[in-house]
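**Q** Provided below for reference: sequence and predicted model.
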Amino acid sequence: MVVTKSSLPRPVVKWAGGKKQLIGELAKRCPQDFASYLEPFFGGGILYLSLWSLGRIQGKAVLNDANPELINLYRMIRDRPEELVNEAGGPKFVNTKEAYLSCRERFNEIRGTDACLERAVLFLYLNHHGYNGLWRVNSKGEYNIPFGKYVRSPRFCNAEMIFSMSEALASAVLMDEDFEQVMPKIQKGDFVYLDPPYHPLSSTAYFTSYTTGPFGLEEQERLFKMFREADRKEAFVMLSNSVAPEILEMYEEFFVERVPVLRLINVNGARRAGGEEIIVRNYE
């Protein structure tokens, strides 16, 4: 498969909290030179893919996400891209409610098993056909988003995108651990990008169900300790988060910048309005 300029790596999943609209602000704040690249909350991975396409990932890349199904997808894209593309062309992956519910049931039956390729294709299909592009699980870890009712059938497995992402991930270390497990791998001169579930601005703003565990203030405090420890190791560290007062106070000793964003994941389209996020760095 020949990777063309038009197929340079782009995120293959829809991911709430993705940084598509913020990528320009993030990219211009990345350090010019760094050793390894580490991302403990990989998600859609747009910053890594952007840096990779520019030839700026020269050292090791450690990419982690606590969602094991997401990382399983990336492992299959890296290691078995042709099989994944062929499997995704099967007749059961159509844009109907019946097909969607059948695939959702099958996915919940095999999640966490050794059926790695099937899980990956189902994950990708459900991610693109589920309501509003969201990923949510219940307390049992079962995917429970309803059918999205898209008028046009989503192109959920673009072969060019899959093969170009496979190339981008070829030498990456992929982990599905708690974010703190990345800490021992951080060394002087590395670049660490932290994009956690954002701390809510209000008690009704929570959206943290990307995995079965919560990400509350206690986790934000653990992350802050990780930020400070990486700073102590003389790594370059950059973080994205909300403008919640608790977060602003937590990182006040570092370089904190506010950037404008458009809120896109509210179910009510009329409430998708402008707002602010912060980018925090330990370097200028």
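**A** Here it is on my side, so go on. Predicted model, so just to flag it, every value in this text is computed and none were measured. Residues are numbered from 1 along each chain as shown.
**Q** CA atoms for contacts and neighbours, from now on please.
**A** Fine.
**Q** domains for the chain, by residue range?
**A** 5-67+173-281, 83-160 (automatic domain parsing).
**Q** and the last one, how far apart are its ends?
**A** Across domain 83-160, the straight-line distance between its terminal residues is 14 Å, by Cα to Cα, to the nearest Å.
**Q** Do me a favour and average the pLDDT over that domain.
**A** Across domain 83-160, pLDDT averages out at 95.
**Q** Wasn't residue 278 part of a strand?
**A** Yes. Checked against DSSP: H, G, I helix; E, B strand; the rest coil, residue 278 lies within a strand.
**Q** Skip the chain neighbours and tell me the closest residue to it.
**A** Using Cα to Cα, 6 or more residues apart in numbering and skipping residues adjacent in sequence, the residue nearest residue 278 is residue 258, 4.5 Å away.
**Q** Just put the domains of the chain in CSV and tack on mean neighbour count.
**A** Shown next, in CSV, are the domains of the chain (neighbours: other Cα atoms under 10 Å):
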stretch, mean neighbour count
domain 5-67+173-281, 17
domain 83-160, 17
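**Q** Quick check: which of the ones you listed is nearest to residue 75?
**A** Among these, domain 5-67+173-281 comes nearest to residue 75, with 7.2 Å by Cα to Cα.
**Q** Beyond the helix or strand harbouring residue 52, next helix or strand please.
**A** Assigned by DSSP states H and E, residue 52 belongs to helix 46-53. Downstream of helix 46-53, the next assigned helix or strand under DSSP H and E is strand 61-64.
**Q** I'd like the next helix or strand past that following strand.
**A** helix 68-79.
**Q** buried ones in that following helix?
**A** 68, 69, 70, 71, 72, 73, 74, 75, 76, 77, 78 (16 or more other Cα atoms under 10 Å).
**Q** the inter-axis angle of the next helix or strand after that helix versus helix 68-79?
**A** Scanning forward in sequence from helix 68-79 by DSSP H and E, the next helix or strand is helix 81-88. Here the directions of helix 81-88 and helix 68-79 differ by 120 degrees (axes from the mean of the first three to the mean of the last three Cα atoms, to 10 degrees).
**Q** helices or strands up against whatever helix or strand comes next after helix 81-88?
**A** Counting by DSSP H and E, the next helix or strand C-terminal to helix 81-88 is helix 97-110. In terms of contacts (3 or more Cα pairs under 8 Å, 6 or more residues apart in numbering; DSSP states H and E), helix 97-110 is packed against helix 116-129.
**Q** next helix or strand past the helix it packs on?
**A** Past helix 116-129, the next helix or strand by DSSP H and E is helix 159-168.
**Q** The helix holding residue 52 packs against which elements?
**A** Using 3+ Cα pairs under 8 Å, 6+ apart, helix 46-53 is in contact with helix 23-27, helix 159-168.
**Q** so what secondary structure elements neighbour the longest one?
**A** It refers to helix 159-168. helix 46-53, helix 68-79, helix 81-88.
**Q** Could you check how far the helix or strand following it is from the centre of its chain?
**A** Under the assignment DSSP H and E, the closest C-terminal helix or strand after helix 159-168 is strand 173-175. The chain centroid and the centroid of strand 173-175 are separated by 13 Å under Cα atoms, centre = their mean, to the nearest Å.
**Q** List the contacts of the nearest residue to residue 147 once chain neighbours are set aside.
**A** Residue nearest to residue 147 in three dimensions, not counting chain neighbours: residue 130, with 4.8 Å by Cα to Cα, 6+ apart. Neighbouring residues of residue 130 by Cα atoms under 8 Å, 6 or more residues apart in numbering: 145, 146, 147, 148.
**Q** so how far is residue 96 from the first one?
**A** In this structure, residue 145 and residue 96 are separated by 14 Å, where distance is defined by Cα to Cα.
**Q** Show me how far stretch 102-121 is from its chain's centre.
**A** With Cα atoms, centre = their mean, you get 20 Å for stretch 102-121.
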